[in-house]
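Participant: Below: sequence and its predicted model.
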Amino acid sequence: MTYQAQYDSPLGLLTMTSDGESLKELRFSNTPIKVTDSTIPILEETRRWLDSYFNGEEPSFTPPLAPLGTLFQRYAWGELLSIPYGETVTYGDIARRINCDSAQAVGGAVGRNPIAIIIPCHRVIGADGSLMGYAYGLDRKRQLLLLEQKNALTFNL
């Protein structure tokens, strides 16, 4: 069974999708959805994580995650989870960490991340420090990085 709920964040509406055991998707959405059951524990846990994050705190836990994607994508997303709160890395850094010859291939995987914010694809920037690509717009990426700014590496906003 699939469960869906929404979270009204300072940057817009987020849709959470779960199988009841883990979070499958967390996406910005402009359209309200029909909520199937917002009281299941995994969705409540995701709300607590988001509350902490948007209150400017580094969440002390990660809800169970099960994003759907290719083996390569899941490997890249796993590496994104290792980027510390408030820090940024480049696509090339991720490529080196996962022994991939192509920062562009990493960029493709990062761009298909189905769990926004919690799997922090917004923390990946260009080699020159510039903001590059974000499925939900560079303004949102900038706002997420600013929220974490007190510990962030230098980047061009």
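Facilitator: It's in.
Participant: Okay, strands next: where are they in the chain?
Facilitator: 3-9, 12-18, 23-28, 89-90, 124-125 (DSSP state E).
Participant: Restricting to C-alpha, output the third one in CSV.
Facilitator: This points to strand 23-28. C-alpha atoms of strand 23-28 as CSV (Å, rounded to 0.1, in the frame of the first residue of the first chain):
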residue,chain,number,x,y,z
LEU,A,23,10.0,7.0,2.9
LYS,A,24,10.0,6.5,-0.9
GLU,A,25,9.7,10.1,-2.1
LEU,A,26,9.8,13.6,-0.7
ARG,A,27,9.1,16.1,-3.4
PHE,A,28,8.2,19.8,-3.7
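Participant: just to revisit the earlier point, deepest-packed of the strands of the chain, please.
Facilitator: strand 124-125 (a mean of 25; mean count of other CB atoms under 10 Å). Heads up, the C-betas are built off the backbone N, CA and C, glycines and all.
Participant: ok, residues contacting it?
Facilitator: 80, 83, 88-91, 94, 110, 131-132, 155 (CB atoms under 8 Å, 6 or more residues apart in numbering).
Participant: Paired strands for that strand, with orientation please.
Facilitator: strand 89-90 (parallel) (DSSP bridges).
Participant: residues in contact with the longest helix along the chain?
Facilitator: Longest helix in the chain by number of residues, with DSSP state H as the criterion: helix 41-54. Contact with helix 41-54 is made by 3, 5, 7, 9-10, 14, 16, 18, 20-23, 26, 37, 58-64, 117-118, 147, as judged by CB under 8 Å, 6+ apart.
Participant: please redo it, this time with the cut-off set to 6 Å
Facilitator: For helix 41-54, contacts defined as CB atoms under 6 Å, 6 or more residues apart in numbering pick out 5, 7, 9-10, 16, 18, 23, 59, 63.
Participant: Show me the helices in this structure, by range?
Facilitator: 41-54, 71-80, 91-97, 103-111, 138-147.
Participant: Dump these to JSON lines, plus mean pLDDT, distance to Gly126 and mean neighbour count.
Facilitator: Listed next are the helices of the chain as JSON lines, based on pLDDT from 0 to 100; distance: least, CB to CB, whole Å; neighbours: other CB atoms under 10 Å:
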{"stretch": "helix 41-54", "mean pLDDT": "96", "distance to Gly126": "24", "mean neighbour count": "17"}
{"stretch": "helix 71-80", "mean pLDDT": "96", "distance to Gly126": "16", "mean neighbour count": "18"}
{"stretch": "helix 91-97", "mean pLDDT": "95", "distance to Gly126": "7", "mean neighbour count": "19"}
{"stretch": "helix 103-111", "mean pLDDT": "94", "distance to Gly126": "9", "mean neighbour count": "19"}
{"stretch": "helix 138-147", "mean pLDDT": "94", "distance to Gly126": "11", "mean neighbour count": "17"}
